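Enquirer: got a predicted model here, sequence first, then my questions.
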Amino acid sequence: MKDVQIRPFYASDVPWLVERHGTLYAQAEGFDASFGTLVGQILDDFASGHDPTCERGWIAEHEGQRLGSIFCVKLDEQTAKLRLFLLVPEARGQGLGKRLLDACTGFARGAGYAEMQLWTHESHREACALYRANGWHLLGSKPVHSFGVNLVEQSWKIRL
């Protein structure tokens, strides 16, 4: 996909992000509405109180169409957390996920974090393969019941 821009997140992106996360996860994995609610809470917290020196969000966009997102938020002085990494299905498999991941980890490194963490689900095989290929390490996994379905939750980490 040519001419995809990775631009800063704006508060006006919130409705799109909540809708896309909710819809895509419901379709792909059967998540209930509680997932969209969680995404909305995460975004509201970010939009109203993030520190731009050490927290940032990005939107991938092509010709005015949003294609994906990724966020870096502060866990503590040494650790950042990757959040809300999403690509719409038609944008997957073209290197855009790696571009977003590189933007996020590069920012975290530049902001002085020593490591990043994330949580995801085992069923996100393509994302997990991308993390592994880019130096992330699986810390652990456990079965959970979240968003109305049974899942295997995973925690990942990378040293920056």
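Expert: Received it, and whenever you're ready, just let me know what you need. Residues are numbered from 1 along each chain as shown.
Enquirer: centroid-nearest residue for the chain?
Expert: Phe85 (1.9 Å; C-alpha atoms, centre = their mean).
Enquirer: is it true that that one touches Ser69?
Expert: Yes - applying C-beta atoms under 8 Å, one finds Phe85 in contact with Ser69, separated by 7.1 Å. Every C-beta, even on glycine, is put in place using the N, C-alpha and C of the backbone.
Enquirer: got the contact list for the strand or helix carrying Asn150?
Expert: Per DSSP states H and E: Asn150 is located in strand 149-159. For strand 149-159, contacts defined as C-beta atoms under 8 Å, 6 or more residues apart in numbering pick out 29-32, 105, 114-123, 128, 131, 134-146.
Enquirer: now do 6 Å
Expert: 30, 115-122, 131, 135-144 (C-beta atoms under 6 Å, 6 or more residues apart in numbering).
Enquirer: show me these that map onto helices.
Expert: Using DSSP state H, Tyr131 are the members of those that sit in helices.
Enquirer: mind giving me the PyMOL select for the contacts of strand 149-159, buried ones only?
Expert: Buried residues among the contacts of strand 149-159 (16 or more other C-beta atoms under 10 Å), as a PyMOL selection:
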select buried, resi 116+118+120+121+131+136+141
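Enquirer: flag every buried residue along the strand holding Asn150.
Expert: Neighbour-count burial for strand 149-159, counted by 16+ other C-beta under 10 Å, picks out Leu151, Gln154, Trp156, Lys157, Ile158.
Enquirer: go on, stretch 17-27?
Expert: Judged by neighbour count using 16+ other C-beta under 10 Å, the buried positions of stretch 17-27 are Leu17, Val18, Arg20, His21, Gly22, Leu24, Tyr25, Ala26.
Enquirer: ok, now stretch 70-77?
Expert: Neighbour-count burial for stretch 70-77 flags Ile70, Phe71, Cys72, Val73, Lys74 (criterion: 16+ other C-beta under 10 Å).
Enquirer: and the closest residue to His62 other than its chain neighbours, what does it touch?
Expert: Nearest residue to His62, sequence neighbours excluded (C-beta to C-beta, 6 or more residues apart in numbering): Val4, at 4.7 Å. Residues in contact with Val4 (C-beta under 6 Å, 6+ apart) are Ala60, His62, Leu96.
Enquirer: and what of Ala80?
Expert: Cys72, Ala108, Tyr113, Met116.
Enquirer: show me the beta-bridge partners of the residue nearest to the third one when sequence neighbours are not counted.
Expert: Here the nearest residue to Tyr113 in space, its sequence neighbours aside, is Ala80; by C-beta to C-beta, 6+ apart that works out to 4.3 Å. Note on Ala80: beta-bridge partners Lys74, Met116, judged by DSSP bridges.
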